[in-house]
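Peer 1: Quick one: sequence plus predicted model below, questions after.
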Amino acid sequence: MENERVVIVGAGEAGIGAALALRALGFSGSVRLFGKESEDPYHRPPLSKAFLDGTETEDGMRSARAEDFTALDLSVSLSTPVISIDRERRTVSTAAEEVEYDHLILATGADNRRMPGSDIDGVLGLRTIADARLLREALSTRRRLVIIGAGFLGLEVASVAADRGLEVEVVEAAQTPMGGKVSSSTTQAIEHYLRSRGISFSLGSGVAEFLQEDGILTGVRLADGRVIETDSLLSSIGVVPNVELAREAGLTVDNGIVVDDRLRSVDDPRISVIGDVASFPGGGGRLRVESVANALDQAFSVANRLIGQDAPYRSVPWFWSIYGPHRLELVGIAVDIDEVIVHGDPLNYDYAAYCFHDGELVRFESLNRPREHMKMRRAFERGPLPSPSDISEPGYSLTDWKLAPTS
């Protein structure tokens, strides 16, 4: 392990997490990390939440700094994209150098999907801290914001913008917000809250074109012909995993870079893949999970394997989101849910939704019930999980649910 050379491509949550985990677990070999951005690494969740509303500073978002890298003997090259991988020679190349590795960790993340017209002045995206600075400035200087896409990020921004006094309209091609990724109870609760804050929704109608005059945004024309005038627009229509580097190196790609249950490339055991770009076994098929929790769990799993603690990756995905004073939390996966049992009142912003597939609990969603969320995360990890009949029993309480003892 002393002479092992680990190279990490990507300085986001997953890549930095892997580097820090390697040192925390006692890895004494060399660690070289490359990142595309010039910024010191930072946590991404505040970009659409606390940083956007001004309650979090840039300094408070930093996940690591130059002095941390020095203290941990990590060699970090920012503003330095890797342009190729030579698997036979076990090297990666940048524009300036070629670096050898014994093990390569790909944490290349994902980038926003771009719509035609995304370069028009007034059309914004949100992926990086540089994007967040521009969006925060827009919220301070503009009176109206149109958001294309009613996913988690778009709705988080809508909530912040409404609190800042902007007139907000959310446009979504689907008939409901959140793209069918959550239960109807959760959709109902979040949409009800956002509408109560004055946010308008145009559902079931996509975007035909952005309107502009002399390169400056003036509005958006919907597929149904309606024109919404605005000088500020956020395009939030999902992301595309960054697989080009892997594909050019001959690795299998299928909605991400395909890995086995140890997060190793199915084509090359000397390459691990973590974070938003990893397509890993789970849920009866393959999963690609876009969350910080997933990125850090996978980073720790790979670091553990590289120091000799080999085990399958079995972490249960979980996620959280904020809308004003309300915290939405989810654990599990959304696979063909055929039964939902709700405790509480979604329209009172206090509920838990148990989501089942063929009688098996596969997802737990809750609003403003943090203790129940934590209890259910432990239940997914240790068992047992409640059944529909358990939950329907008079007097059932998740607080009283008995978990299996820890091994």
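Peer 2: Now that the structure is in, tell me what you want to look at.

Peer 1: which helix is the longest one in the protein?
Peer 2: Across the chain, the longest stretch assigned as helix under DSSP state H is helix 292-306.

Peer 1: elements contacting that helix?
Peer 2: Taking 3 or more C-beta pairs under 8 Å, 6 or more residues apart in numbering; DSSP states H and E as the contact definition, the neighbouring helices and strands of helix 292-306 are helix 13-24, strand 268-273. Using the backbone N, CA and C atoms, a C-beta is placed for each residue, glycine as well.

Peer 1: please redo it, this time with the cut-off set to 6 Å
Peer 2: helix 13-24 (3 or more C-beta pairs under 6 Å, 6 or more residues apart in numbering; DSSP states H and E).

Peer 1: Enumerate every residue touching Val92.
Peer 2: Contacts for Val92 (C-beta atoms under 6 Å, 6 or more residues apart in numbering) come out as 7, 82, 85, 99.

Peer 1: Now the residue lying closest to Ile228 once chain neighbours are set aside: which helix or strand?
Peer 2: Of all residues beyond its chain neighbours, the one nearest Ile228 is Val220 (5.2 Å), with distances taken as C-beta to C-beta, 6 or more residues apart in numbering. Val220 is part of strand 216-222, with elements assigned from DSSP states H and E.

Peer 1: Tell me the gap between that strand and the middle of its chain.
Peer 2: Shown here is strand 216-222, whose average C-alpha point lies 28 Å from the average C-alpha point of the whole chain (C-alpha atoms, centre = their mean, to the nearest Å).

Peer 1: Which neighbouring elements make contact with that strand?
Peer 2: Contact partners of strand 216-222 among helices and strands, from 3+ C-beta pairs under 6 Å, 6+ apart: strand 207-213, strand 227-229.

Peer 1: can you tell me which residues contact Ile147?
Peer 2: Ile147 makes contact with 154, 158, 170, 234, 236, according to C-beta under 6 Å, 6+ apart.

Peer 1: cool, Ala303 as well?
Peer 2: With C-beta under 6 Å, 6+ apart as the criterion, the residues that contact Ala303 are 18, 21-22, 25.

Peer 1: Identify the residue nearest it in space, chain neighbours excluded?
Peer 2: For Ala303, the closest residue by C-beta to C-beta, 6+ apart turns out to be Ala21, at 3.7 Å.

Peer 1: these two touch, right, the residue nearest to Ile228 and Glu229?
Peer 2: No: under the contact definition of C-beta atoms under 6 Å, Val220 does not touch Glu229, with a separation of 8.6 Å.

Peer 1: Look at the two and report which has more neighbours.
Peer 2: Neighbours per residue (other C-beta atoms under 10 Å) separate Val220 from Glu229, with Val220 holding more: 26 against 11.

Peer 1: Partner strands of the helix or strand containing Ser202 and their direction?
Peer 2: When elements are defined using DSSP H and E, Ser202 is found to belong to strand 200-203. Strand 200-203 has the following strand partners under DSSP bridges: strand 167-172 (parallel).

Peer 1: where do the helices sit along the stretch 1-150 of the chain?
Peer 2: Counting by DSSP state H, counting those that start in this stretch, the stretch 1-150 of the chain has these helices, from start to end: 13-24, 50-53, 58-61, 66-71, 129-141.

Peer 1: These: which one's closest to Val266?
Peer 2: helix 13-24 (18.7 Å; C-beta to C-beta).

Peer 1: and the closest one, which residues are buried?
Peer 2: Under the neighbour-count criterion of 16 or more other C-beta atoms under 10 Å, helix 13-24 has 13-23 buried.

Peer 1: and what of stretch 124-134?
Peer 2: By neighbour count on 16+ other C-beta under 10 Å, the buried set for stretch 124-134 is 124-129, 131-132.

Peer 1: what sits up against it?
Peer 2: If you take C-beta under 6 Å, 6+ apart as the criterion, stretch 124-134 is touched by 39, 42, 47, 51, 112, 135, 234-235.

Peer 1: ditto for stretch 277-296
Peer 2: Outside of stretch 277-296, the residues within contact range by C-beta under 6 Å, 6+ apart are 13-14, 17, 45, 108-109, 241-242, 254-259, 261, 275-276, 317-319, 333, 335.

Peer 1: Relative to the least confident helix or strand in the chain by mean pLDDT, what are the paired strands and their orientations?
Peer 2: Using mean pLDDT, DSSP states H and E, strand 285-287 stands out as the lowest-scoring helix or strand of the chain, at a mean of 89. Using DSSP bridges, the strands paired with strand 285-287 are strand 278-282 (antiparallel).
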